[in-house]
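# Return atomic coordinates for the entry below.
(chains A and B)
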There are 2 protein chains.
Amino acid sequence: MTEQPWIAIDAMGGDEGLAVMLAGVARARRAFEGSRFLLVGDEAAIREALVAHPNLSQNAEVVHAPEVVGPSEKPSQAIRRAKRTSMGVAIDLVKQGRAAAAVSAGNTGALMAMAKVALRTLPGIDRPALAAPLPTLGDNDVVMLDLGANTEVDARNLVQFAVMGAAYARTIMDLERPRVALLNIGSEDQKGTDVIRDAATQLKAAAHLPLAFTGFVEGDKLARGNHDVIVCDGFAGNIALKTAEGTARFVADLLKRAFTSSIRSKVGFLISRPATELLKHHLDPNNHNGAVFLGLNGIVVKSHGSANERGVATAIGNATKMARADLTRRIAEDLGLEHVARPARRAGTPKPQDAAA
Amino acid sequence: MTEQPWIAIDAMGGDEGLAVMLAGVARARRAFEGSRFLLVGDEAAIREALVAHPNLSQNAEVVHAPEVVGPSEKPSQAIRRAKRTSMGVAIDLVKQGRAAAAVSAGNTGALMAMAKVALRTLPGIDRPALAAPLPTLGDNDVVMLDLGANTEVDARNLVQFAVMGAAYARTIMDLERPRVALLNIGSEDQKGTDVIRDAATQLKAAAHLPLAFTGFVEGDKLARGNHDVIVCDGFAGNIALKTAEGTARFVADLLKRAFTSSIRSKVGFLISRPATELLKHHLDPNNHNGAVFLGLNGIVVKSHGSANERGVATAIGNATKMARADLTRRIAEDLGLEHVARPARRAGTPKPQDAAA
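This is a model prediction of the structure:
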C-alpha cells in the first residue's frame, strides 16, 4: 500500500471532550487502513488519554499546543493567539505540508478565520465556502454549500461555489458530471434575487465545466435525490440546513410522543423497533458529520461540536477521503488552474507556498 | 348574534377545482356560525356545484367573473385583466367594503400583486408581508413572516413585519405580548447581515410596542415553541418554510419505507396506527393552511393550491377569525395609526377609501 497522508486532529475542540475525540480518531483509524494522525493539544492530557488506544498510539504523533479556542470566542480574538492553540497548530500543520487535512470540532467562526488566514484561498477563488453532505431519498447524499461562511455573495462567488461543489461530488461521491442546482424561492427564470439570476445565466453558459447545471431548486426538494450539489449563499444555506435539522428533530419528537401516548402504541413501537432504528440511523447527524471549507490551499474539516465518537469518526473519514483523493488539486484543476504545484513532501495536498507562487 | 362579515371566495382558483373549494366553504360555514360568503367565478358552474350544498346556498351569494388567473401566469399579465377574473373580483369586493376578507387558492404572485394594487398598503407600511401559522412543539403555533412577498428588505421593513406579526398573534392567537424573534444564522449580537442587526437594534429600543423582542432565532429552533412570531425577509422565510415542509415529508417517507420493510415492522405499524395517525394529523399542511398578506387595507388569505376540502376550510376559518377580530384595524392601531377610519357599512375591515383619506 502506498504511504497515506497524515491527518491533523484538533484534539481539544468539541463539547464532548478529549476522550470522545480520541475514541473517534481510533474508530476512523480502524475504518481507513494506513491512517496516520497528528494529535494536537495538551501533550500530557493526550498521552494519558492515548493509553486507552494502543493501536492508535502506534499510528499517531502528539503535537503540543498549550491553549484552546473557546466555543464562543470571537474569531478576531482567537486568531491573535492562533499559533498557541490546538486549532491553529492543526491548521498550521496543513500549511507546512506535514498534514494533508485538519479536523476540528471547535468554534466554527474561529476555524474559518484561521484557515483562511493560514492557508489562503486558491488562485481564482475569492471566498472559501463551507460544504457538507446531507441525506436524501436517493442513492447519494447531496452536497450543499455555502452553509454559513459568507452571509452575502455575488454571482461570481456562487459560480465558484458550483465548481467547488461539483469537484467535491466528483472526487468524494465518484460522480462524473454532478447535477448542480441553485437554491431559490421558485423554479421559474424570473424568481429570486439579481445575484441568483446572474449566477444561473453564467452557469447555463459554462458548458465546458464538468457539471450539469439543473436550474433552480426550492427548499422542499433538497432531499429528493434529484441533485448532487446545491449552491446558495451562506445565509440561506445556514437557514436551510438548520431548519432541516430542527424539523427532523421536531418530527422525531412528535413521533416519540405519539408512540408513548398509549399502551397500544408502545407495543406497536416495540414490535416495529428495527424499522424505527433504521430511521434513526438515517437521520442521525453523526452519520453525516464533517463539513469542509472548500477553496483553500488545503483541507479543513469541521466536525459538529456535539458529535459523538461515531460522528467524529465520520468527519475524520470524510477528511481522509478528501486527502487521499487530493481534493484541493482536483478543485484547482476544475478551475483551470493546472499551474498549482503538487505537494512535494507528502501526498494529499498542494503546498500553499507553491500555490501562491 | 351580531351580523357577521361576508367572506369573498375565489371559487375558481386552486389545483383541486371548484367542487373541492365549495366543499371547503361548506365545511367552514358549519364551523363558524353566521358565516356568509360571496362566491366568485363562473356563475353557471358555481350554481351547479352549489346544488350539493343546500345549507351553504342559503348563506351565499354568487358573484360572476368570466375569467380565471392561470397557475403560472405572470402577475404583470394577470393584473391587466384583474377585474374580469375570479381572483380580482374577490379582492375588489374587499376594496368596495362588500366583503371583509378574500380567500384564494390561485397563483400567489398574481394574488399578491392584485391585492397590493387594489387595496394599497396601510399608511406607515412600506411593504405588505406574507404570514402563516406553523406548528410547534409548544401549545401555540408560531407566526412566520415574510414568507415570500419581498425577496429583499431593509431594517425598517423588518420592524414593520414584527409589528404586523405581533398584531396577528395578539388578535388571532389571543396573546397579550407576543414574543417576537428575528431569524438569523446565529444567536450572538454580531451575527447576520447589517439589515438584521439594524432591525434588532430598533426592536430592542422600541419598548412601547406591544411585543416582547426575544433576539435572534436559528433555523433549528423555529418549532420549539419558544417564540410566537418569527420575522425574516421573504427569501429566507420561503427557504425555511419549504425546507421544513420538505424535511417533514422526507422523514415521513423514510418512516413509511421503514414500516413497510418487513412483516414484523408492518405488524408493529398496524398496532401503533392511532399514534402515527396523530403524527400525520399534526404535520398535515391542511391543518395549518391559510397564509395572509399583512399590511394591506383589507384581509387577503392565500390557501395552498393543493389543499383539500379540510385545508380550504382551515384557510377560510383563519380568514373568518381575522375578519371578525378586525385584524386590519388592530394592525393600524399598533402602528399608532388611530386616524384610520372604522368601516361604516359592514363590520370587519376598514374601507380603503376612508383609510386613504
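
# And the helices in the stretch 1-150 of chain A, which stretches?
Counting by DSSP state H, counting those that start in this stretch, one finds helices in the stretch 1-150 of chain A at the ranges A:18-31, A:43-50, A:54-57, A:75-80, A:86-95, A:108-119.

# quick one: buried residues of stretch A:246-256?
If you call a residue buried by 16 or more other C-beta atoms under 10 Å in any protein chain shown, then stretch A:246-256 has these buried ones: A:Gly246, A:Thr247, A:Ala248, A:Arg249, A:Phe250, A:Val251, A:Ala252, A:Leu254, A:Leu255. To be clear about C-beta, it is placed using only N, CA and C from the backbone, and glycine gets the same treatment.

# could you point out which element follows the helix or strand hosting A:Ile230?
Element membership of A:Ile230, judged by DSSP states H and E, is strand A:229-231. Per DSSP H and E, the first helix or strand lying C-terminal to strand A:229-231 is helix A:234-259.

# Surely A:Arg120 and A:Phe293 touch.
No: between A:Arg120 and A:Phe293 there is no contact, the gap being 11.8 Å when judged by C-beta atoms under 8 Å.

# In terms of packing, which of the two has more residues around it?
A:Phe293 (26 against 19; other C-beta atoms under 10 Å in any protein chain shown).

# Just the element for that one, please.
With the criterion set as DSSP H and E, the secondary-structure element containing A:Phe293 is strand A:291-294.

# quick one: strands adjacent to that strand?
Strand A:291-294 has its sheet partners listed here by DSSP bridges as strand A:129-134 (antiparallel), strand A:299-302 (antiparallel).

# Tell me the helix or strand right after the last one.
Sequence-wise, the next helix or strand downstream of strand A:299-302 (DSSP H and E) is helix A:309-324.

# what about that following helix, distance to the chain center?
Relative to its parent chain, helix A:309-324 has a centroid offset of 9 Å by C-alpha atoms, centre = their mean, to the nearest Å.

# now do stretch A:61-70
22 Å.

# So for that stretch, mean pLDDT?
Within the predicted structure, the mean pLDDT of stretch A:61-70 is 96.

# so the spatially most central residue of chain A bridges to which residues?
Central residue of chain A (C-alpha atoms, centre = their mean): A:Ala291, 1.6 Å from the mean position. For A:Ala291, the residues forming beta bridges with it (DSSP bridges) are A:Lys302.

# ok so, going back, out of the strands paired with strand A:291-294, which is the most enclosed?
Compared across the strands paired with strand A:291-294, strand A:299-302 shows the largest average neighbour count, a mean of 29 (mean count of other C-beta atoms under 10 Å in any protein chain shown).

# what comes into contact with that strand?
Residues outside strand A:299-302 that contact it (C-beta atoms under 8 Å, 6 or more residues apart in numbering or on different chains): A:91, A:94, A:100-105, A:108, A:111, A:115, A:119, A:130, A:290-293, A:315-316, A:318-319, A:322-323, A:327-328, A:348-349.

# try 6 Å
Applying C-beta atoms under 6 Å, 6 or more residues apart in numbering or on different chains, the set of residues contacting strand A:299-302 from outside is A:101-103, A:108, A:111, A:115, A:290-293, A:315, A:319, A:322-323.

# Just the buried ones out of the residues you listed, please.
When the contacts of strand A:299-302 are checked against 16+ other C-beta under 10 Å, the ones flagged as buried are A:101-103, A:108, A:111, A:115, A:290-293, A:315, A:319, A:322-323.

# circling back: and of the helices of the stretch 1-150 of chain A, who's closest to chain B?
Set against chain B and scored by C-beta to the nearest C-beta, the helices of the stretch 1-150 of chain A come closest in helix A:108-119, at 8.5 Å.

# Give me the lowest-pLDDT entry from the buried ones among the contacts of strand A:299-302.
Of all the buried ones among the contacts of strand A:299-302, A:Gly290 has the smallest pLDDT value, namely 82.

# Is it in contact with A:Asn318, as I believe?
Yes: with contact defined as C-beta atoms under 6 Å, A:Gly290 reaches A:Asn318; the gap is 3.7 Å.

# Among the buried ones among the contacts of strand A:299-302, which pair sits farthest apart?
Put simply, by C-beta to C-beta the two of the buried ones among the contacts of strand A:299-302 set farthest apart are A:Thr108 and A:Ala323, 20.5 Å from each other.

# circling back: in JSON lines, list the contacts of strand A:299-302 along with distance to A:Gly215.
Compiled in JSON lines, these are given as follows (distance: C-beta to C-beta, whole Å):
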{"residue": "A:Ala101", "distance to A:Gly215": "33"}
{"residue": "A:Ala102", "distance to A:Gly215": "35"}
{"residue": "A:Val103", "distance to A:Gly215": "35"}
{"residue": "A:Thr108", "distance to A:Gly215": "30"}
{"residue": "A:Leu111", "distance to A:Gly215": "33"}
{"residue": "A:Ala115", "distance to A:Gly215": "32"}
{"residue": "A:Gly290", "distance to A:Gly215": "28"}
{"residue": "A:Ala291", "distance to A:Gly215": "25"}
{"residue": "A:Val292", "distance to A:Gly215": "25"}
{"residue": "A:Phe293", "distance to A:Gly215": "27"}
{"residue": "A:Ala315", "distance to A:Gly215": "31"}
{"residue": "A:Ala319", "distance to A:Gly215": "32"}
{"residue": "A:Met322", "distance to A:Gly215": "28"}
{"residue": "A:Ala323", "distance to A:Gly215": "33"}
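
# With that, I have no additional questions.
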